[in-house]
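>>> mind looking at a prediction? Sequence and model below.
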Amino acid sequence: MDGWPTHPSQEGAYKMNESEIQNLVNKLENKGFTEYAVTSINSRIEQVRFSQNSIDLTNLWDEANFHVFVAIGKKIASTVLKDVAEMDITIDKLWKSANSSPENRSFAGINPEKQKYPYNVNHRAVQHDLHEFSQAAIQSALDNGAERVAGTAYNIFEKVRTSTKYNKCEYTTGGIELNIRSFRGGFSGQEGIHWGLQSNVSKSDFERMGSESAETARVTERKESIEPGKYTVIMSPYVIGNIISSCAESLSYYSVETGMSSFGDQIGRKVAGDGVNLVDDPLDSTGDGFRACDDEATATKKNRIITDGQLNTFFHSYSTAVRSGSRTTGNAGIILPMPWQLKILPGRTKLSDMISGMKNGLLIENCWYTRFQDYRNGIFSTVPRDGVFLVQNGAIKGDLSGIRISDSFRNILSNIEEISSETKNAKWWQEVSSTNMPYVKVKNVNISRAF
Amino acid sequence: MKITSNSLSYRNGSFEGIDFTSEKGYAVRVLNNSIAIAYIDSEDWDKAKESIDLALKKSESNGKNNISLGNAIKDNWIVQQKKKIEDFSLEDKISILKDNDKEMESHGTAVRINGMADKLIEQRYRNSIGSDISGNIYRVSYIYVMGFVNGGNFEQSIQQFGASSGFEYIDSLNLAKRIEEDAKGLKESADSRQPKEGDYDIIVGPEISGITAHESCGHPTEYDRIIGREGAQAGESFLTGKKFPYRVGSDEVSIIDDPTYPLSYGYYRYDDEGTPARKRYLYKNGMTNEFILNRESAYFLNTDSNGGGRSSSWDMEPLARMSTTYIEPGDYSFEELIEGIKHGIYIKSFTEWNIDDIRFNEKYVGKDAFYIENGKITSRVKRPTIETNTIKFYSSVDAVGKDLEFTAGTCGKGDPEQGVEVWMGGPHIRLRKVHIK
């Protein structure tokens, strides 16, 4: 990222610096808001897009904004302020909007407890030549049998500051992302990995992702077909990552209250297979889902959502915690709590043993377009892609097309019977958010197909 | 470009809050050995120049470096509004949300979410060949989510409405009546049974003809997809590598994308690359006819853009996008369509849907659906599911209605994902021997 500031000490280079935040906070207090939460984000992002084996475009974003949440008692309003010259007008509009609004009866205030943040949260930006890395990934895919390659690479660096009446938090986040897809004949393979600011990502990592995507595309050239029905399925980190990313909102207390979750009365109960441990780990800075505090400056922490198959907690903000009689988990969204960096902790089975131990089932490497016919019961379907394999007697027999996983989140969780020791920092597009996921073997998965 | 927006919502009897945003910025595209775009939200020229210089430096790397330049155009345009967005008070908006929440509650629905939004986009496009175009677009939208619980059963409805208009559009919706009918349907669906799996003659309503026009005609005819530009995320197209024109369905099927369709949520006069918008026949009489082109993809066809270059914001690259995509109406009344069916299913609307990344293998799960016996609608049927492919679907069409209705949606594409406003629509259409689960 030549020419851009790379270290948090380069304060003057940020468009929204400490003094402007303090100025905004002072104005909000003087105006008479009873509570506020202000988050400034200075972001520098470089993206390289490529297709048909060559680079299409470089996108460069250099942006800054304030996310402002205010309350007058239980009357609330929010905005994104992009231009500090409009600060006074914006504050007047916030005041008028909040005053003119009915109360949000669910709002219980901003977390007033004094927070302690981890000290090592201001990491440096990663310095790499994305063009060179992307070209290396493309070449590696071609060298390993891909006919054409497409993808995107990101270098993200964000300086984040959150201030409330009670707490101030600042940190940097971001990292490198690569999404690469190889095509060979009618087959494809895709990898999507994120590396946080504390990862040592190198050109060889890009080359490895390129070659792995190509290898998936050339696993088999044989086409197979199956009848719809129940199958044991080995789901890759991208498949289980997609399902978890798509369904995670049902583990937010907001969804429980709204009536859009089937987990409402399940705290302390078994909701997943015995070995399933689902954690939200925003403090792992080897991933780009790292964040030191949530939107109301509550210090984030590692939360065990599901332990050995048992549901421990929902995602909470201060308000949802007050309403449910629990404690905030540091997952605000002040109104809608959400996860930051979900992980299914690794198991003991090797992927190769999962496959060799499978008599008749499927190995699905990726999926997309997950949609719900029943949000409350988590009934969805998702479309497999990029390596959809029939496995018989421990070996891949051929590739399948035209099928769907048509099942429910609760069934998938409950039927996980093996978890791999290998994991990936899986993330791609809006399909998989920042996660770390293993391969999982799930029994009795309903597979439908087109007629 | 400057974007000013407001949104507010109500959930289960309680006001959620109001959110507003005002943002502006510049996108500067440079062509060199490759293409680079700098997105700048600063009015400080030194900072802007720093970003543009960096884009110039990045564009020295090798890559694709051509776009269709088109002609120089100078113009300005505006979406007219009768009931001005800026005159519609917060109290009026809250009152609408509250009334609709109460309407839902009166029908016993357990999940009730109502949201309303408006947006003003002020844009100016200039390029190095002399174009200078200014445009103002007003857009309003309404979304509701309603869920009915019956024992362990849950029936949901998610409805989105939107138009390029002032608030007179919201008044025209008659939301209370829509909610009443929708709630009644959810209750009946919760008590109904799923169909016996088999082949049926079916009629699908405008909501389904619209989503198929969007998903299995509009997306696969975006030319950037066909040439692999979106290969890693949104995917390619089943039309990639085909010889054109290519047969995709029966002679009855013609599908249009028209950004100039009045009132449409996706309406525009010039796209975000300064190209005049126009009506395009994507499929005509069952054959591919024209593709959706932005400047970059048009270059690959050695032609000019046909006005499909859209970006969701000033800080997003323009891609080949849809606007108002619909199946062209035919000659049949609804009565004529239905009288030709002895034993079939009328699927009026849908809930879950999805499609593969080449836009071929698709699924639509019915929401409001009914059996047809001897040309008459009889009892309600629960969630009939079509899981088929694009060519089978359009080849099964044997009659097209003369009605035309649209629904609003937010179409996703690109990385970072860009949601752009669209209308999807069509008439009732009749299909023969469709496998229903």
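All right, it came through fine.

>>> and the helices in the stretch 151-300 of chain B?
Applying DSSP state H, counting those that start in this stretch to the stretch 151-300 of chain B gives helices spanning B:168-172, B:175-191, B:206-213, B:223-226, B:295-300.

>>> quick one: residues contacting residue 410.
Defaulting to chain A. A:262, A:271, A:377, A:378 (Cβ atoms under 8 Å, 6 or more residues apart in numbering or on different chains). C-betas here are computed from N, CA, C, even on glycine.

>>> let me rephrase: I mean chain B.
B:160, B:419, B:420, B:421, B:422.

>>> residues of the host helix or strand of residue A:209 that come out buried?
Applying DSSP states H and E as the criterion places residue A:209 in helix A:203-217. The neighbour-count check on helix A:203-217 (16 or more other Cβ atoms under 10 Å in any protein chain shown) flags A:203, A:205-217 as buried.

>>> before we move on, what about stretch B:327-347?
Neighbour count says stretch B:327-347 has B:327-330, B:332, B:334, B:337-338, B:340-341, B:344-347 buried, by 16+ other Cβ under 10 Å.

>>> look through the chain and tell me its longest strand.
No chain in the question, so chain A it is. strand A:54-72 (DSSP state E).

>>> if you could check chain B rather than the one you did, that'd help
Looking across chain B with DSSP E, the single longest strand is strand B:132-150.

>>> strand partners of it, parallel vs antiparallel please.
In the sheet, strand B:132-150 lines up against strand B:74-78 (parallel), strand B:111-126 (antiparallel), strand B:153-163 (antiparallel) (DSSP bridges).

>>> next, the buried residues of it.
For strand B:132-150, by 16+ other Cβ under 10 Å, it's B:133, B:135, B:137-149.

>>> same check on stretch A:76-88?
Applying 16+ other Cβ under 10 Å to stretch A:76-88 flags A:76, A:77, A:78, A:79, A:80, A:81, A:82, A:83, A:84, A:87 as buried.

>>> quick check: domain ranges of chain B?
Per the record, chain B has its domains at B:2-24+B:74-189, B:198-436, by automatic domain parsing.

>>> export those domains to TSV and tack on mean pLDDT and distance to residue A:18?
Listed next are the domains of chain B as TSV, based on pLDDT from 0 to 100; distance: least, Cβ to Cβ, whole Å:
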stretch	mean pLDDT	distance to residue A:18
domain B:2-24+B:74-189	96	22
domain B:198-436	97	25
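
>>> most tightly surrounded among these?
Among the domains of chain B, domain B:198-436 has the highest mean neighbour count (mean count of other Cβ atoms under 10 Å in any protein chain shown), at a mean of 22.

>>> so how far does that domain reach from one end to the other?
6 Å (Cα to Cα, to the nearest Å).

>>> how far is it from where the chain is centred?
9 Å (Cα atoms, centre = their mean, to the nearest Å).

>>> again, but for stretch B:119-137
23 Å.

>>> stretch B:161-173 too?
Using Cα atoms, centre = their mean, the offset of stretch B:161-173 from its chain centre is 16 Å.

>>> other SSEs contacting the helix holding residue A:209?
helix A:130-143, strand A:148-164, strand A:168-184, strand A:187-196, strand A:379-392 (3 or more Cβ pairs under 8 Å, 6 or more residues apart in numbering or on different chains; DSSP states H and E).

>>> now with 10 Å?
helix A:130-143, strand A:148-164, strand A:168-184, strand A:187-196, strand A:360-374, strand A:379-392 (3 or more Cβ pairs under 10 Å, 6 or more residues apart in numbering or on different chains; DSSP states H and E).

>>> near chain A, which residues of the stretch 151-300 of chain B?
B:152-156, B:158, B:197, B:199, B:215, B:224, B:227-236, B:240, B:296, B:300 (Cβ under 10 Å from any Cβ of the partner chain).

>>> Serialize the contacts of residue B:410 to a markdown table and add fields for secondary structure and distance to residue B:274.
Below are those laid out as a markdown table (DSSP: H, G, I helix; E, B strand; the rest coil; distance: Cβ to Cβ, whole Å):
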| residue | secondary structure | distance to residue B:274 |
| --- | --- | --- |
| B:160 | strand | 29 |
| B:419 | strand | 22 |
| B:420 | strand | 17 |
| B:421 | strand | 19 |
| B:422 | strand | 20 |
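
>>> could you identify the most distant pair in these?
The span of the contacts of residue B:410, defined through Cβ to Cβ, is set by B:160 and B:420 at 13.5 Å.

>>> what is in contact with those two at once?
By the contact definition Cβ atoms under 10 Å, 6 or more residues apart in numbering or on different chains, residue B:160 and residue B:420 are jointly contacted by B:265, B:409, B:410.

>>> the second one is in contact with residue B:323, isn't it?
No. Residue B:409 lies out of contact with residue B:323 (Cβ atoms under 10 Å); the separation is 11.3 Å.

>>> report the set of residues contacting both of the two.
Going by Cβ under 10 Å, 6+ apart, residues that sit against residue B:409 and also against residue B:323 are B:265, B:266, B:420, B:421, B:422, B:423.

>>> where do the strands sit along the stretch 201-350 of chain B?
Remark: strands assigned in the stretch 201-350 of chain B by DSSP state E, counting those that start in this stretch are B:255-257, B:280-284, B:287-288, B:309-310, B:319-320, B:324-327, B:343-347, B:350-355.

>>> show me where pLDDT drops low in the stretch 251-400 of chain A?
Judged against pLDDT under 70, the stretch 251-400 of chain A has no low-scoring part.

>>> kindly report the residues of it close to chain B.
Within the stretch 251-400 of chain A, the positions adjacent to chain B are A:254, A:257-260, A:262, A:334-336, A:366-377, A:379-386 by Cβ under 10 Å from any Cβ.

>>> redo that, cut-off 8 Å
By Cβ under 8 Å from any Cβ of the partner chain, the residues of the stretch 251-400 of chain A that approach chain B are A:257-260, A:335, A:368-377, A:379-383, A:385.

>>> separation between residue A:212 and chain B?
14 Å (Cβ to the nearest Cβ, to the nearest Å).

>>> contact partners for that residue?
Residue A:212 sits in contact with A:189, A:191, where contact means Cβ under 8 Å, 6+ apart.

>>> perfect, that will be all.
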